[in-house]
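> sequence first, predicted coordinates after that:
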Amino acid sequence: MTLEKRYLIEMGDIISIQYGCSKCNSAVSVPIERINQDQIAGIATNVCPHCQTPSGFQPGTEETKVFLYFNNLLKQMPKTMSGRNLKLRLEIKAPE
Ligand SMILES: [Zn+2]
């Protein structure tokens with residue numbers, strides 16, 4: 001017999017989004033209900049406040065728009081899915 005653990009996240013389980021720097025590992029978490037488009041745009045396009053490394057996102061590019069759109073969808077999904085019979089879950093890799 002083989003047992004397999006699956007790690008699933010429901011939209012209502014998401015309480016905040018963490019934005020982190022790959023270089024210095026500093027990070028900031030924003031509660032999902034307080035996500036603000038202008039604040040997230042600043043986080044996306046500014047340099048890291050700790051090590052000054054550019055994020056890699058430029059204002060107005062298609063990639064930056066996708067990033068902002070995704071964050072906005074994450075904010076809206078818990079309310080959108082609340083009270084529905086359909087469940088949407090994201091599966092993540094099992095911790096090693
Ligand atoms: Zn940094």
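Perfect, thanks for sending it.
> tell me which residues touch residue 73, please.
Residues counted as contacts of residue 73 (C-beta atoms under 8 Å, 6 or more residues apart in numbering): none. Where you see a C-beta, it was placed from the backbone N, CA and C, and this is true even at glycine.
> which SS state does it fall under?
helix (DSSP: H, G, I helix; E, B strand; the rest coil).
> next, the distance between the ends of stretch 81-94.
For stretch 81-94, the first-to-last residue distance is 25 Å (C-alpha to C-alpha, to the nearest Å).
> what's the helix or strand for the residue nearest to the spatial centre of the chain?
By C-alpha atoms, centre = their mean, the chain has its centre lying nearest to residue 17, at 4.5 Å. According to DSSP states H and E, residue 17 maps onto strand 16-20.
> flag every buried residue along that strand.
residue 17 (16 or more other C-beta atoms under 10 Å).
> what's it in contact with?
26-32, 35, 40, 43-44, 71, 74.
> okay, and which of these map to helices?
Among the contacts of strand 16-20, the members found in helices (DSSP state H) are 40, 43-44, 71, 74.
> tabulate the residues you listed in CSV, adding columns for pLDDT and distance to the ion.
Compiled in CSV, these are given as follows (pLDDT from 0 to 100; distance: C-beta to the ion, whole Å):
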residue, pLDDT, distance to the ion
40, 93, 17
43, 93, 12
44, 94, 14
71, 95, 20
74, 91, 23
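> any quick ChimeraX command for the buried ones out of those?
Buried residues among the ones in helices among the contacts of strand 16-20 (16+ other C-beta under 10 Å), as a ChimeraX selection:
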select :40,43,44,71
